[in-house]
Structures are given as structure tokens and as C-alpha cells.
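Trainee: Here is my input, please return the structure:
(chains A and B)
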Amino acid sequence: MNKTYFVLIFILFALGLGALFLPETQHNKERSPRELFLAMNNPSRFVTTDQVAKKIIEADPTLFLIDTRPFDQYESYSLPGAVNIPLEKLLDTNGLIFSEWMDYLDIEGVNAVFFSNSDITADQVWVICSRQGIDNLYVMKGGLNYWVETILKPEKPVQSAPSEDFALYDFRKGASQFFGAGTISIEAEVISEPVPRMRKKKKTVASGGC
Amino acid sequence: MFHANNSKRLTITAIAFVLIIIVGLITMHKPEHIYKLNPADLVESIMMKDGELTPGKAVYYAEESNPDFVFIDIRNQYEFIKGHIPNAINIPLTELLSKATLKQFDKYSEDSVTIVIYGNSQTDANAPWMILKQLAYPDVKILLGGFDYYSKDHAETGDTAGMPEYYVEIPKYDYAAIAAETSSGDVTGQDVKAEPVLPVRKKKKTVASGGC
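Mentor: The predicted structure follows:
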């Protein structure tokens, strides 16, 4: 045997060992900081409360609402059909999104909209999920606080406001009724209150006859 | 003769082999920016709220021009000219990841100067702040309330007890109660889903029934 064979074998072996210790390549879908930065600068990642309200009312199947607040807040009130993924429970110990959340987030053709009380927590979840390469993620601008101010309790525009404002107000007023009635289970009872029946007055016995 | 020739060839192959690998390693694609913070640590740091700077403190640091803090204004230059925190440096958002900016930031972290980033609102600065945190600057802070709050309450931004307005993630309303209220209060009479009430009619008495 020639010595050079051994040299070659040694080199290949050393390289193989080296490859073992290479830093583990993460989830290959991960966005680079530059890509994340570009996605972040795209203003269309924010949606308005009106857009969300309209989609809920239309029962748009591409809309998927995600409540990023803690569970107790989600329990007391949330938007209809929303799923709860709190920020603190988003990631597993390896720093990856829990696979059960991934089933919700990474669906073709579905737009996931994050919301929280304002839009900070929702935006934080957005950044973390976007870094992991998930597309079609949105943030509801202003969050639930703004939802109350615009949808549940819309403010009447001043008399001199342009007609678009009034149209928007009309829409919000209708939406307010929709969400007020739809989101709370007690309401079902209110609707099914016994309907008062109108009774005709009994005719007095004396009425007919001589 | 044959043997010697063969070994020479082998040596050449070996050298070529090593050379190719070296060239490959040198020209390996180097990413422009690298994440230094993994997402789990990022979430933990957010939950700890250690990256937040209250407006009250910001006023204090800015006015005494504390050398340990540098305010970075990520709004565009027109907004910056109209008004900004004293001694703030304007780095428009589009320039945030440029080489010059990051070099500057590296210098700040070397000198252990705390970078405080702000936009018009906290929302504007939130994602940029998170990106910087994930790159090599885990100690970057964000100004709560943004410049809007800072300029509005500039005179009396003391950190009061209770919950100041700039903690935007605190629910301002009792949502459930409002939803109940809007449904029962406003709606009645207009949009009740109940079907129209049909009065039950009594059967007409036959004409013959009463009478003589």
C-alpha cells in the first residue's frame, strides 16, 4: 500500500468529522434578516378593523383570526372564530413554533390575522412567525381597543364630514349590531324571549243575542 | 517505474482535492446579517419587558444629555426636522440595515451606549426594534408611546402610578360588557331576529251561533 492512500483517507476522514461538527442548519425556510426587514417594511401587513369586520360578516373562508393575548383574556372576550395563540406559548424549547400552531398558521390560501389589545403583541408574534418563513400573515392595526372604538362603538362623523365617512359609519353601525348579537351566548336567550301574543278581547257573554 | 508514476499522480490528485476544498471554503456565501438571538430568547426578553424605556425616563435622559443613551429616530428626515428628541440621531427606517448604520451601532455597543429606538408610535418602531435585537444588539431599547406620546406630554411626562396611557397592550375597555351592551341596547326594535308576531285569530263564530 502506498502512503499517499493513507494521506487521502486521512484527509477525507478529517473532513467528514468536520462536517459532523458544522453548525446545524436551521429550518431551511427561515428568512434572512434582510428578507424579514423587507417583509416588515411592507405596509400591507397591517389590516384595518373595518376590513376584518367586513370579512367576518361575509364569513370569508380565507380569514383566520388569531388572538395573541393570554388565555384568560381570550376566554372573557374574543372575536368570533378566533383561535388563541398567546405569545408566551408560541415557541417550544428549541425556539421553533409548536407544530400544532404550524397547522393553523401555514395553510395555503389562508390569511392569518393576529390581534391583541393593541397591536404590539400581535406585531411581535408576526415578526417571530415571519422569521420562520410563514407567508400570508397580517396584523390588525389598533387591536381590540381600536375595534371597540371603531366597530362596537362607532363615533358619528361631524355634519360636515364627507359622505364616505357617513357610509363608513353606517357600515360600522351595522357591524356593531352584528357583533353585539353574535359574539355573546346570552344573546341567544334574549332573542328567544317569549313573544307576547296579542289577544283579542273576549267578547262579553252578553254580546250576542237578544 | 509504473509505481512511481502512480504515486505522483496520486499526490497531484490529493493536492488538487485539498485546493478545491480550500477555494470552496473561501468563496462560501457569507450571509449579510446573522441572527444572534434565537426566537425563544427573544420571546423571553419581551416577556421580561427589559427592552422598554418609559417616556418619563426618556425625557430625563434626553434633557441631561446622558452619554450612556443614544436616541435613534427611525422616521423620515422631514418628520425629523419638524421635531425630535434632543440629541437624537435620524436613521430613516430604510437605512436601518445598511452597513454604515450597523457599523455605527457596533461602535455604540462597544462603548456600552444604550441604543433607544423610536418612531411616531410604538408600533412603528416595534418590528425594527425586534430585528435589531435579533441581530447583534440584544440591549436595544424601544421608547414606549413613541414620539407622539413624548411630544404630547413632554412637559409633564412623569411616570405616574396607575397605568399610563403608553402601556397600550392593556385593555382599555371591558369588551364583553360592551358587546353585550351594543347588542341589547342599540338593537332592540330595529333588528331583532324574532319573526313578526302573528296575532292568533280566534275563529270567527259562525253567524248562527249567537242570537235568537
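
Trainee: pLDDT score for residue 27?
Mentor: Let's take chain A. A:H27 carries a pLDDT value of 52.

Trainee: oops, chain B please
Mentor: 82.

Trainee: which residues touch it?
Mentor: Contact criterion Cβ atoms under 8 Å, 6 or more residues apart in numbering or on different chains gives no residues in contact with B:T27. Glycine gets a C-beta too; all of them are placed from N, C-alpha and C.

Trainee: what sits up against the helix or strand where A:Y74 lies?
Mentor: Element membership of A:Y74 [criterion: DSSP states H and E] is helix A:71-76. Identification of contacts with helix A:71-76 by Cβ under 8 Å, 6+ apart yields A:D67, A:A82, A:N84, A:P86, A:N117, B:P171, B:Y175, B:A176.

Trainee: which ones are touching the residue nearest the centre of chain B?
Mentor: Centroid-nearest residue in chain B: B:N126, 2.4 Å away (criterion: Cα atoms, centre = their mean). Listed by Cβ under 8 Å, 6+ apart, the contact set of B:N126 reads A:I120, A:D123, A:Q124, A:V127, B:I142.

Trainee: for it, phi and psi?
Mentor: In terms of degrees, to the nearest 10, the main-chain angles of B:N126 are phi -60, psi -50.

Trainee: so what secondary structure elements neighbour the lengthiest helix in chain A?
Mentor: When chain A is parsed with DSSP state H, its longest helix is helix A:163-183. Judged by 3 or more Cβ pairs under 8 Å, 6 or more residues apart in numbering or on different chains; DSSP states H and E, the packing partners of helix A:163-183 are helix A:49-57, helix A:186-191, helix B:175-181.

Trainee: again, only using 7 Å
Mentor: The contact analysis (3 or more Cβ pairs under 7 Å, 6 or more residues apart in numbering or on different chains; DSSP states H and E) places helix A:163-183 against helix A:49-57, helix B:175-181.

Trainee: Worst mean pLDDT among those?
Mentor: Among the helices and strands packed on helix A:163-183, helix B:175-181 scores lowest, at a mean of 80.

Trainee: mind listing what's buried in it?
Mentor: Applying a neighbour-count criterion of 16 or more other Cβ atoms under 10 Å in any protein chain shown, one finds B:Y175, B:I178, B:A179, B:A180 buried in helix B:175-181.

Trainee: neighbours of the closest residue to the second one other than its chain neighbours, just the number please.
Mentor: Take B:I178 and drop its neighbours on the chain: the residue closest to it by Cβ to Cβ, 6 or more residues apart in numbering or on different chains is A:L152, 5.2 Å away. A:L152 is surrounded by 25 other residues when neighbours are defined as other Cβ atoms under 10 Å in any protein chain shown.

Trainee: So what touches the longest helix along chain B?
Mentor: Longest helix of chain B, by residue count under DSSP H: helix B:2-26. Helix B:2-26 is contacted from outside by A:N2, A:T4, A:V7, A:L8, A:I11, A:L15, using Cβ atoms under 7 Å, 6 or more residues apart in numbering or on different chains.

Trainee: Can you list phi and psi of B:N76 for me?
Mentor: Torsion angles, degrees, to the nearest 10, at B:N76: phi -80, psi 170.

Trainee: I'd assumed B:I91 was in contact with it.
Mentor: No. B:N76 is beyond contact range of B:I91, at 10.5 Å (criterion: Cβ atoms under 7 Å).

Trainee: who's more crowded, the two?
Mentor: Neighbour totals were compared for B:N76 and B:I91, and B:I91 leads with 21 against 12 (other Cβ under 10 Å).

Trainee: which ones are touching the more buried one?
Mentor: For B:I91, counting by Cβ under 7 Å, 6+ apart, the contacting residues are B:I72, B:I74, B:T101.

Trainee: which of those has the most neighbours?
Mentor: B:I72 (26 neighbours).

Trainee: pLDDT weak spots in chain A?
Mentor: A:1, A:23-28, A:181-210 (pLDDT under 70).

Trainee: Do a quick rundown of the strands in it.
Mentor: Assigned by DSSP state E, the strands in chain A fall at A:46-47, A:63-67, A:83-84, A:111-115, A:137-140.

Trainee: follow-up on the earlier one: quick one: which of the buried residues of helix B:175-181 is nearest to B:P164?
Mentor: B:Y175 (20.9 Å; Cβ to Cβ).

Trainee: what's the closest non-adjacent residue to the closest one?
Mentor: A:Y77 (3.8 Å).

Trainee: what's near enough to touch residue 97?
Mentor: All of this is about chain A. A:I97 is in contact with A:L90, A:L91, A:C129, A:Q132, counting by Cβ under 7 Å, 6+ apart.

Trainee: I was after chain B.
Mentor: Listed by Cβ under 7 Å, 6+ apart, the contact partners of B:L97 are A:P33, A:R34, A:F37, B:H33.

Trainee: change it to 10 Å
Mentor: A:P33, A:R34, A:L36, A:F37, A:L38, B:E32, B:H33, B:P128, B:I131, B:L132, B:L135 (Cβ atoms under 10 Å, 6 or more residues apart in numbering or on different chains).

Trainee: Over to A:P162?
Mentor: Per Cβ under 10 Å, 6+ apart, neighbours of A:P162: A:L168.

Trainee: Distance-wise, check it relative to A:G174.
Mentor: According to Cβ to Cβ, to the nearest Å, A:P162 and A:G174 sit 19 Å apart.

Trainee: What of B:L10?
Mentor: The gap separating B:L10 from A:G174 is 84 Å, by Cβ to Cβ.

Trainee: just B:N66 next, same as before
Mentor: Counting by Cβ to Cβ, the gap from B:N66 to A:G174 is 53 Å.

Trainee: still on that earlier bit, which of the contacts of B:I91 sits closest to chain A?
Mentor: B:I74 (10.9 Å; Cβ to the nearest Cβ).

Trainee: my read: that closest one touches B:S121, true?
Mentor: No. Using Cβ atoms under 10 Å, B:I74 makes no contact with B:S121, being 11.4 Å away.
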